[in-house]
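> Fold the following and give me the result.
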Amino acid sequence: MKIPLRLLLAEDSETDAALLIRELEKAGYEVSCQQVDTAGEMEEALRNDEWDLVISDYHIPGFGGREALRLLQQSGLAIPFILISGTIGEENAVEIMKAGAQDYLMKGNLAKLPAVVSRELAEAQNRRERKELQDELNTLLSISIDMIFISGMDGYFKRVNPAVEKILGYTSAEMLSRNYFEFVHPEDMASTLEIINKLREGYIIQSFVNRFVCKNGSIKWLEWNTRPLGDKYYSIVRDISERVLAQEEIRKANERFDLAVQGSSDGIWDWFPAEDLAYFSPRFRELMGYPATEYIGGMDALSQVTHPDDLERTVAALTAHLEGQGPFEVEYRLKTVAGEYRWFLVRGQAIWDEAGRPVRMAGSLTDIHKGKVAQEELTRAFNLVNEQNKRLLNFSYIVSHNLRSHTSNISAILRYIEETDSMAEKIEMFEKLKSVSQYLDETLYSLNEVVSIQTRMDISREMLCLHAHVEKALTLLCGMIHSRGAVIENRVDPEIMIEYNLSYLDSILLNFISNALRYSHPERRCHVVIDCLPEKTGWRLLIQDNGIGIDLDKHGPKLFGMYKTFHGNPDAKGLGLFITKNQVEAMGGCIEVNSRPNEGTTFNVYMP
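Predicted structure coming up:
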């Protein structure tokens, strides 16, 4: 494969140019050549095109090799320059080599030209690569915010980057002209010398800290990471003065806090947001279960043990306070070392710098777990009693209405018996009285069942296989299923276990499934689907049928009312859905219904 070569040739002889190009092509070069023989032509060629190599004859009328070399150097281009001459004295050859030419050849020895060209092109490539590396190194040195030192074993810095002058105040010349121990703080001389000795033994040094004296007399704390290589040490050095001073302030503040909070029942915390450094008092550690010597971290570490349900509002409150939008006082749960979530009241107050940035925040941690749990229990009990009172008040209206209807009926029948003289009519009235009495007994039984559901405080629960209880209900209703030719799909996963009251579960299933059968559509085969789907807080029992449906716009508000019927079924008493709703709510759940007339009904029973 030919090697492309872009050649700028300063030569006034067409014959000599052809001979030179032929030698290169014989050696495998694909030469693209522009021949010039004046200074103007060469300047234009250097300005307008890119070249791999410049070859110039030493003797060109009005021009020549010296001028060609000068023009190339003046252009600033790093292109190899080879001089060719028919007659050149040794003195002239040495002089032009010193001036910058890479090599020279006699025209009578052009057979050596390809080897010289190959060598010079390779060296030019090496020079370009070294320059690129040097440029990259210089760029890294100039933009680094950390100081970079190259030091010798003789005790002097060999090179430093611009960050040194910014941080320490010394110029590069000042740093290189003085022994590096002249910059070390007197109290750190011994430890620094020990590190130097380790470097001489070949050890890599990480995070060594000492102090340098700046040009203005101030002190800087420096953190050194140094690697020895050959007879030099290469160091990246970070100014950690602010961090050290902050840590010292925290140490002093901790001493003050320890004295102030030893007798306090609250935990104390002190936080520096910029570094996320924090102090936690012994009492704080005791409340959270942390050993006295264990590192906890900053406030970010506490967010990792905040209860997930409390995290968003807690972070929002903290953010608002740091932005100057009110006090920070939040009750939330934290996970202790023992793995228990406990309620704490956390208060805090931040301070800000002149730019409005929070620089420090301190506060207290109060254990309110017992009171909070007691309050929640009291609230739950109050809500339960309040709900039961509402139900009982509603129930009293129902009892008053229903019993008054029956008693009025009985009174009217008894008056009629007293007033009539006809024995036949008395017998007829007695039969009616029996019927009314039977209805009254059924009503009292139903009302008693409702009272039992609404007033029970200690409903027993056990783990039940929902699939098995659906099958149990289908077995009990097999006669009704068979008589209607119904198709019942039990899609409940047999692995699903729910914690529920056994009697309530059976009653709920029987009521919903029997209703689906009872109100099936007369013009299509009854089809009922029973399934159970997971929810965030439990399970959703789904009972779906293709029956006659319910007009929810008309009957929705009364759907679960006592003694409410909607389809004129003579066997309907209006108690099934009322009792089922009470049973579901007594277990902490709720019911949703979707239905359209003549399309079917879907009940969703939520079971926590």
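> C-alpha only now, for contacts and for neighbours.
Will do.
> residue boundaries of the strands in the stretch 1-150 of the chain?
Here the stretch 1-150 of the chain has its strands, by DSSP state E, counting those that start in this stretch, at 3-10, 29-36, 53-57, 81-85, 103-106, 147-152.
> Any idea which of these gets closest to S514?
For S514, the closest of the strands of the stretch 1-150 of the chain is strand 147-152, at 83.9 Å, according to Cα to Cα.
> Quick one: closest of the strands of the stretch 1-150 of the chain to T171.
Ranking the strands of the stretch 1-150 of the chain by proximity to T171 (Cα to Cα) places strand 147-152 first, at 12.8 Å.
> Can you tell me which helices and strands the closest one packs against?
strand 157-160, helix 162-168, strand 232-239 (3 or more Cα pairs under 8 Å, 6 or more residues apart in numbering; DSSP states H and E).
> if we look at that strand, which residues are touching it?
141, 157-164, 231-238 (Cα atoms under 8 Å, 6 or more residues apart in numbering).
> tilt between that strand and strand 232-239?
Orientation check (axes from the mean of the first three to the mean of the last three Cα atoms, to 10 degrees): strand 147-152 against strand 232-239 gives 150 degrees.
> next one: strand 147-152 to chain centre, how far?
40 Å (Cα atoms, centre = their mean, to the nearest Å).
> about what we covered before: among the strands of the stretch 1-150 of the chain, which one carries the weakest average confidence?
Least confident of those, judged by mean pLDDT, is strand 103-106 with a mean of 86.
> What helices and strands are in contact with that strand?
strand 81-85, helix 90-99.
> most neighbours per residue, which of these?
Among the helices and strands packed on strand 103-106, ranked by average contacts under mean count of other Cα atoms under 10 Å, first place goes to strand 81-85 (a mean of 24).
> Residues contacting that strand, please?
Here strand 81-85 has contacts from 53-59, 65, 69, 100-107, using Cα under 8 Å, 6+ apart.
> For G65, which non-adjacent residue is spatially closest?
Nearest residue to G65, sequence neighbours excluded (Cα to Cα, 6 or more residues apart in numbering): Y58, at 4.1 Å.
> Surely S32 touches L9?
No - using Cα atoms under 8 Å, S32 is not in contact with L9, being 10.2 Å away.
> Of those two, which one has the most company?
The neighbour count for S32 versus L9, taken as other Cα atoms under 10 Å, is higher for L9 (22 against 13).
> Show me the beta-bridge partners of that one.
Q35, I55 (DSSP bridges).
> Please name the residues that touch it.
17, 33-36, 54-56.
> From E41, how far out is it?
Per Cα to Cα, to the nearest Å, L9 is found 11 Å from E41.
> What of N386?
N386 is 105 Å from E41, by Cα to Cα.
> Ok, I145 next?
In terms of Cα to Cα, I145 sits 48 Å off from E41.
> Please say which of those two ends up with more neighbours.
I145 (17 against 14).
> Check the contact between that one and V164; I expect there is one.
No - I145 lies out of contact with V164 (Cα under 8 Å); the separation is 9.1 Å.
> how's this protein carved up into domains?
Following automatic domain parsing, one gets these domains for the chain: 3-138, 144-245, 264-367, 373-455, 462-607.
> nearest to N254, of these?
domain 264-367 (6.9 Å).
> Bridging across strands, which residues link to the residue nearest to I204 when sequence neighbours are not counted?
Sequence neighbours aside, R227 is the residue nearest to I204 in space, at 4.9 Å (criterion: Cα to Cα, 6+ apart). For R227, the beta-bridge partners under DSSP bridges are Y234.
> With L168 as the reference, measure out to R227.
The spacing between R227 and L168, counted by Cα to Cα, is 22 Å.
> More neighbours: which of those two?
L168 (21 against 17).
> mind listing the helices for the stretch 201-350 of the chain?
Along the stretch 201-350 of the chain, counting by DSSP state H, counting those that start in this stretch, helices occupy 241-261, 282-288, 299-304, 308-322.
> any idea which of those helices is most buried?
helix 282-288 (a mean of 19).
> Could you list every helix and strand in contact with it?
Using 3+ Cα pairs under 8 Å, 6+ apart: helix 282-288 touches strand 267-272.
> okay, the angle between the strand it packs on and helix 241-261?
Using the same axes, to 10 degrees: strand 267-272 against helix 241-261 is 160 degrees.
> ok, E329 touching R347?
Yes - using Cα under 8 Å, E329 is in contact with R347, at 4.4 Å.
> Just give the closest residue to E25, not the sequence neighbours.
Closest to E25 by Cα to Cα, 6+ apart is V31, at 6.7 Å.
> and the one you found, what are its bridge partners?
Under the criterion used (DSSP bridges), V31 bridges to L5.
> Pretty sure it sits against K2.
No - the criterion here is Cα under 8 Å, and V31 misses it with K2 at 9.1 Å.
> With neighbour numbers in mind, choose between these two.
V31 (16 against 10).
> Provide a list of residues in contact with that one.
By Cα under 8 Å, 6+ apart, the neighbours of V31 are 4-7, 21, 24-25.
> ok so, going back, top of the contacts of L9 by neighbour count?
S56 (26 neighbours).
> Now for the closest residue to it other than its chain neighbours, how many residues are close by?
Leaving aside its chain neighbours, S56 sits nearest to A10 (4.4 Å; criterion: Cα to Cα, 6+ apart). By other Cα under 10 Å, 28 other residues sit near A10.
> got the contact list for S172?
159-162, 164-165.
> Let me have the residues you listed in TSV, extended by distance to G152 and neighbour count.
Rendered in TSV, the data for these read as follows (distance: Cα to Cα, whole Å; neighbours: other Cα atoms under 10 Å):
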residue	distance to G152	neighbour count
R159	9	15
V160	12	21
N161	16	22
P162	19	18
V164	17	20
E165	19	17
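> Tell me the buried residues in stretch 190-200?
Residues 192, 195-196, 199-200 are the ones in stretch 190-200 that count as buried (16 or more other Cα atoms under 10 Å).
> who touches stretch 113-130?
Taking Cα under 8 Å, 6+ apart as the rule, stretch 113-130 contacts 23-24, 27, 52-53, 78-80, 102-103, 105.
> same deal with stretch 61-72?
Contacts of stretch 61-72 (Cα under 8 Å, 6+ apart): 10, 12, 37-39, 42-43, 46, 56-59, 79, 81, 83, 96, 100-101.
> if you set the cut-off to 10 Å instead, what comes out?
9-12, 36-40, 42-43, 46, 54-60, 73-74, 77-85, 92, 95-96, 99-101 (Cα atoms under 10 Å, 6 or more residues apart in numbering).
> For the residue nearest to V593 when sequence neighbours are not counted, pull up the helix or strand it's in.
Closest residue in space to V593, ignoring its immediate chain neighbours: F603 at 4.6 Å, by Cα to Cα, 6+ apart. Secondary structure from DSSP states H and E places F603 in strand 600-607.
> What helices and strands are in contact with that strand?
Strand 600-607 sits against strand 497-500, helix 502-518, strand 527-535, strand 538-545, helix 576-586, strand 590-596, with contacts defined as 3 or more Cα pairs under 10 Å, 6 or more residues apart in numbering; DSSP states H and E.
> Let's have these in a markdown table, adding mean pLDDT, distance to Y341 and mean neighbour count.
Formatted as a markdown table, the entries for these read as follows, by pLDDT from 0 to 100; distance: least, Cα to Cα, whole Å; neighbours: other Cα atoms under 10 Å:
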| stretch | mean pLDDT | distance to Y341 | mean neighbour count |
| --- | --- | --- | --- |
| strand 497-500 | 93 | 24 | 17 |
| helix 502-518 | 86 | 32 | 19 |
| strand 527-535 | 95 | 24 | 17 |
| strand 538-545 | 94 | 22 | 20 |
| helix 576-586 | 80 | 28 | 20 |
| strand 590-596 | 91 | 29 | 16 |
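> pLDDT below threshold where in this protein?
Across the chain, the ranges flagged by pLDDT under 70 are 257-258, 260-264, 384-385, 387-409, 412, 432, 435-458, 555-576.
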